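Enquirer: Give me coordinates for this.
(one chain, ligands or ions: 1)
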Amino acid sequence: MPATPVIVVSAHKYSLRVAIRNRLYPDAEQGELLAVHCGHARFVWNLAVEQQAWRRPGRGNPPASAARQRQLAEARQAEPWLAAGSSSVQQQALRDFDRAMAAFFDKGNPAGQPEFRSKRGRQGFVVRDAKARRLSRHWGEVQVPKCGWVRFRWTKPLPASPGMARITLDRAGKWHVSFPAPQPAVSREPAGKAIGVDLGVRTALVTSDGQHYRAPRISGRQAARYLAAQQRMARQHKKSRQRERTRRAMAGIAAGVTRRRQDWAEKISTRLVAANDVIVLEKLNTKGMVRKPAPKPDPGQPGAFLPNRARAKAGLSRGILASCWGALSTRLEQKSSASGTTALFVDPRFTSQQCRACGHTARENRESQAVFACVACGHSDHADANAARNVLARGLLAANGEVVPAHAPGHGAYACVSPRQAAAGTTRSAA
Ligand SMILES: [Zn+2]
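Expert: Residues are numbered from 1 along each chain as shown. Predicted coordinates:
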C-alpha cells in the first residue's frame, strides 16, 4: 500500500543573497599568485576540518573561532611558506569555516558538515572588504592581496561596497570572481494568479495553465564526447598529463551544460515570478531522479556485463534534468522572496495518478506518458498538465491552512499545515 502524501510547505529562508559571478582574467604572474592563495586557503580550511573531526566525547572541544585565529598566527611564525602568503586570505578561510559550521548546526539549514577540500576539486578563496572598480563598459578590476588589481568581465551592476569577493578556479581551469548581492526584485504587478508546476523526468516543465517549457539537454555529440573521455580516463595512468587533459575536457563539457542550465533557470524563473502571486512546486527528490544505469548482463557469459552506452547517456541526461530542477527551485525561491511572490513546495506523490476532476487515484488513469484519462469519471487531460493542476491544488490548500485529503488508494489520511506556515501564503481560490 503506498504511503500517504503529506503536504510540505517551506518558507524561503536561506537563499536571499545571490552571487554576481564574473569571469576573472589574471595575467600569468597573477594566476600563479591566485593559485598560491587557493592552496593556502585550502590548507587552513582542511586543518580546521581536521581539528573538528578529532573531536570525541571526553577529548574536549575543538578550538573556538578566536583560538583558531591565534593558532594560525603561531603557525605563520613557525612556517615561513605560510607566512609568505596573505594573512588576510588565510584568516578569511577560517571565518569561512566558522560560517560553514554555524550553517551545519542550524537545524533548519540543509547544509552538511564542512568537508576536506581536495586539490582536484574546485579551488577558491575569499577576499574581505573587497574593492572593485570599473574600467570600461565591459571590464572592471578587483583588488586581491599581493596580486594588485585583477581584471574581470563586468556583466551586471555591482553593489557600491560588495563587502567581500570570492575568487574561484573551476575544474576546467577558468577563474571567476563572485560578489554577494541582494536578489533584485522582479518587476511585476500583483495579478491575483497562482500557478502549479510539474517537473517531468522526460520532457519538460508543464504549468497548471498548460504551458510547456523545454529544459536544455546535452546534445548527442557532446554526450558521446563526454562518455568517450570518461572511458579514456579509466585507462589512463593516474597523475599522467594525458589524464589531466582528459579531465579538463570533461570538465569543459560539463561547464558548458551548466551554463545553459543556469541561463534556462534564470529565464523561466523570472517569467514565472513576474506573472504569478503564488507558485507551487513539487518538493524535489533529485537523488531518486539520478540513478546509475543498470548494468546489462552478458547472456553468453554469466557474470560478465555488456557495454551500456545508451543507458549511460540516458543517465547523463537525467542528471542534467535533475540539476535543472534544482537550479530552477533555488532561483524561484530567491526571486519570489525578493518580489512578493509566494513559493510553496508540496509532496509530489500521486500527483501524476490523481484525477483533478474527481480525485480518483489509480495507475490505470495514466493512459500513456502524455495522456491522462480517469477510469472513474472519464475526465481526460494532458498528463503533465493534470499533475501540475494537482500540485497547484495541494499548494493552495496548504496555503489556506486547510486539511488536505490525500487521495491515495485505501487511505483517507490528512495532513495539516501549521498556522505560521499558512500565514506565509496568500489565500486565494484555485485558478
Ligand atoms: Zn476522475
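Enquirer: C-terminal to the longest helix anywhere in the chain, what's the next element?
Expert: Secondary structure of the chain per DSSP state H: the longest helix is helix 241-275. The helix or strand immediately downstream of helix 241-275 is strand 278-282, counting by DSSP states H and E.
Enquirer: Given that following strand, what are its sheet partners and their directions?
Expert: strand 194-199 (parallel), strand 342-346 (parallel) (DSSP bridges).
Enquirer: how about those in JSON lines, adding distance to residue 107, mean pLDDT and mean neighbour count?
Expert: Yep, even glycine has a C-beta here, placed from its N, CA and C like the rest. JSON lines is the format used below for the strands paired with strand 278-282 (distance: least, C-beta to C-beta, whole Å; pLDDT from 0 to 100; neighbours: other C-beta atoms under 10 Å):
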{"stretch": "strand 194-199", "distance to residue 107": "27", "mean pLDDT": "91", "mean neighbour count": "26"}
{"stretch": "strand 342-346", "distance to residue 107": "18", "mean pLDDT": "86", "mean neighbour count": "26"}
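Enquirer: Report the buried residues of the longest helix of the chain.
Expert: Applying a neighbour-count criterion of 16 or more other C-beta atoms under 10 Å, one finds 243, 246-247, 249-254, 257, 261-262, 264-265, 268-270, 272-273, 275 buried in helix 241-275.
Enquirer: Run the angle between that helix and strand 278-282 for me.
Expert: On the basis of axes from the mean of the first three to the mean of the last three C-alpha atoms, to 10 degrees, helix 241-275 is oriented at 140 degrees to strand 278-282.
Enquirer: Mind giving me the packing neighbours of helix 241-275?
Expert: strand 194-199, helix 220-235, helix 309-339 (3 or more C-beta pairs under 8 Å, 6 or more residues apart in numbering; DSSP states H and E).
Enquirer: closest to residue 62 out of the strands paired with strand 278-282?
Expert: strand 342-346 (35.1 Å; C-beta to C-beta).
Enquirer: C-terminal to the closest one, what's the next element?
Expert: strand 371-373.
Enquirer: Give me the contact status of that next one with the ion.
Expert: No - figure legend: strand 371-373 not in contact with the ion (C-beta under 5 Å from the ion); closest approach 8.9 Å.
Enquirer: counting contacts, what elements does that strand pack onto?
Expert: strand 380-382, helix 383-399.
Enquirer: Pick the most deeply packed of these.
Expert: helix 383-399 (a mean of 26; mean count of other C-beta atoms under 10 Å).
Enquirer: Using CSV, write out every CA atom in that helix.
Expert: What follows is helix 383-399, C-alpha atoms only, in CSV (Å, rounded to 0.1, in the frame of the first residue of the first chain):
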residue,chain,number,x,y,z
ALA,A,383,-0.9,14.0,-18.2
ASP,A,384,1.7,16.6,-17.0
ALA,A,385,-0.9,19.4,-17.0
ASN,A,386,-3.2,17.3,-14.9
ALA,A,387,-0.3,16.7,-12.5
ALA,A,388,0.5,20.5,-12.4
ARG,A,389,-3.1,21.2,-11.5
ASN,A,390,-2.9,18.7,-8.6
VAL,A,391,0.3,20.4,-7.4
LEU,A,392,-1.4,23.8,-7.5
ALA,A,393,-4.5,22.5,-5.6
ARG,A,394,-2.3,21.0,-2.9
GLY,A,395,-0.3,24.2,-2.6
LEU,A,396,-3.5,26.3,-2.3
LEU,A,397,-5.0,24.1,0.3
ALA,A,398,-1.7,24.2,2.3
ALA,A,399,-1.6,28.0,1.9
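Enquirer: i'd like the first residue to be 7 from this point on
Expert: Sure thing, new numbering starts at 7, so read that last one as helix 389-405.
Enquirer: Can you give me the buried ones in stretch 365-381?
Expert: 366-367, 371-372, 378-380.
Enquirer: quick one: average confidence on it?
Expert: In this model, stretch 365-381 has an average pLDDT of 88.
Enquirer: Ends of that stretch, what's the gap?
Expert: 11 Å (C-alpha to C-alpha, to the nearest Å).
Enquirer: Return the residues of the stretch 257-406 of the chain in contact with the ion.
Expert: 361, 363-364, 366, 380, 382-383, 385.
Enquirer: Just the buried ones from these?
Expert: 361, 366, 380, 385.
Enquirer: Looks like the second one contacts residue 379 (just checking).
Expert: No - using C-beta atoms under 8 Å as the test, residue 366 is too far from residue 379 to be in contact (11.2 Å).
Enquirer: related to what we said a few turns ago, and the buried residues of stretch 365-381, which two are furthest apart?
Expert: Across these, the longest distance by C-beta to C-beta is 13.7 Å; it joins 367 and 379.
Enquirer: Okay, now the unreliable bits of this structure?
Expert: Scanning the chain for pLDDT under 70 picks out the ranges 7-22, 114-116, 207-210, 290-305, 308-317, 319, 407-437.
Enquirer: ok, back up a step: of the buried residues of stretch 365-381, which is the nearest to residue 220?
Expert: For the buried residues of stretch 365-381, the nearest to residue 220 is residue 378 (20.1 Å; C-beta to C-beta).
Enquirer: Now do the contacts for residue 262.
Expert: Residue 262 makes contact with residue 228, according to C-beta atoms under 8 Å, 6 or more residues apart in numbering.
Enquirer: what's the distance between it and residue 26?
Expert: 21 Å (C-beta to C-beta, to the nearest Å).
Enquirer: CA atoms only for stretch 182-201, dumped as PDB, please.
Expert: Taking Å, rounded to 0.1, in the frame of the first residue of the first chain, the C-alpha atoms of stretch 182-201 are listed here in PDB:
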ATOM      1  CA  HIS A 182      35.800  33.600 -11.700                       C
ATOM      2  CA  VAL A 183      35.100  36.300  -9.100                       C
ATOM      3  CA  SER A 184      31.700  36.400  -7.300                       C
ATOM      4  CA  PHE A 185      30.300  39.300  -5.300                       C
ATOM      5  CA  PRO A 186      27.400  38.800  -3.000                       C
ATOM      6  CA  ALA A 187      24.400  41.000  -3.700                       C
ATOM      7  CA  PRO A 188      20.800  41.100  -2.700                       C
ATOM      8  CA  GLN A 189      18.500  39.500  -5.200                       C
ATOM      9  CA  PRO A 190      16.900  42.300  -7.100                       C
ATOM     10  CA  ALA A 191      13.100  42.200  -7.300                       C
ATOM     11  CA  VAL A 192      11.500  41.100 -10.500                       C
ATOM     12  CA  SER A 193       9.300  43.900 -11.800                       C
ATOM     13  CA  ARG A 194       5.700  42.700 -11.500                       C
ATOM     14  CA  GLU A 195       2.100  43.700 -10.800                       C
ATOM     15  CA  PRO A 196       0.100  41.600  -8.400                       C
ATOM     16  CA  ALA A 197      -2.200  39.700 -10.800                       C
ATOM     17  CA  GLY A 198      -4.100  37.500  -8.400                       C
ATOM     18  CA  LYS A 199      -2.700  34.500 -10.100                       C
ATOM     19  CA  ALA A 200      -1.500  31.200  -8.700                       C
ATOM     20  CA  ILE A 201       0.300  28.500 -10.700                       C
END
